[in-house]
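*Asks:* here's a sequence, model it:
(one chain, ligands or ions: 1)
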Amino acid sequence: MRSLDRLLVVAPHPDDDAIGCGGTIARSAGRGATVSVVYVTDGAASHPNSKRYPPEALRALREREAIEGLRRLGIATPPVFLRVPDGRVSHLSGRERDLAVAALEACIDATACDVVFGPWRDEPHPDHAGTAALLAEALARRSPSPVALSYAVWLEVVGTPSNRPGAGWAHLDVHLTAEELACKREAIMAHASQVSPLIDDDPEGFRVLPEVLDLWLQPVERFYVDPSVAAERVSTALHLGTTIR
Ligand SMILES: [Zn+2]
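*Replies:* Next comes the predicted model:
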């Protein structure tokens, strides 16, 4: 049986790792697992009208925030930044798509991961759904492929019934301790460009609303598990202390 102590987290944007599975990352790192993170987009479209943070500067800022967010979760391993243009994951040319899938395959191979955390495939956000599709393609080319667990970021915020998992999908709930939840909050808050008035020269810029932050800081992280995966075995092997339905 595989040890499941090498985890890879695939995040569409810098911050989705913390929002989707920050508590689980903190727990896994604390238990000695190796956690690697890959960010697919450059995150440079969140404040398109800012003069102080044009795309290059915003990308650099968001990468610094990502590294700091990971540090707060106990991860010192430098993440991988694929730098696909923010907002374009679902609209890549054939060549760009091939490169992105190959880059994800390289991450899977380089980390020799047992488990991959990636975005839920029917997320109501094109970069998230697009990342899920790229990851599914990369995983389909690996054999044996790591266990895939999906996290949702926007499903509970703006999702409709059509975005929800259909019959057959199991889910695995990780109940966070107060300490893990505090770590997760700290990691999300490291992304100051997204959660604070740091970039104040773009009235149309993205900003996480307090009520959305509250939704993301529930003390349970839910992961959707493909019906073909024995969720109970994954949970036991990960020592996550989860409930499965
Ligand atoms: Zn995102």
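*Asks:* pLDDT below threshold where in this structure?
*Replies:* Across the chain, the ranges flagged by pLDDT under 70 are 1-4, 230-245.
*Asks:* show me where it has helices.
*Replies:* Secondary structure of the chain, counting by DSSP state H: helices at 16-30, 55-72, 94-111, 126-140, 155-158, 178-189, 192-195, 210-216, 231-238.
*Asks:* of all those helices, which lies closest to G168?
*Replies:* Closest approach to G168 among those is made by helix 231-238 (11.7 Å; C-beta to C-beta). Every C-beta, even on glycine, is put in place using the N, C-alpha and C of the backbone.
*Asks:* show me what from the protein comes close to the ion.
*Replies:* Residues of the chain lying close to the ion (C-beta under 5 Å from the ion) are 12-13, 16.
*Asks:* for those residues, give me JSON lines that also has neighbour count.
*Replies:* Listed next are the residues of the chain next to the ion as JSON lines, based on neighbours: other C-beta atoms under 10 Å:
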{"residue": "P12", "neighbour count": "29"}
{"residue": "H13", "neighbour count": "29"}
{"residue": "D16", "neighbour count": "30"}
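*Asks:* returning to that earlier point: now, of the helices of the chain, which is deepest in the fold?
*Replies:* Highest mean neighbour count among the helices of the chain (mean count of other C-beta atoms under 10 Å): helix 16-30, with a mean of 26.
*Asks:* what does that one rub up against?
*Replies:* Under the criterion C-beta atoms under 8 Å, 6 or more residues apart in numbering, residues 7, 9, 11, 35, 37, 39, 66, 69-70, 73-75, 117, 119, 128, 151-153, 174, 176, 180-181, 183-184, 187-188, 190-191, 216, 221, 223, 238, 240 lie in contact with helix 16-30.
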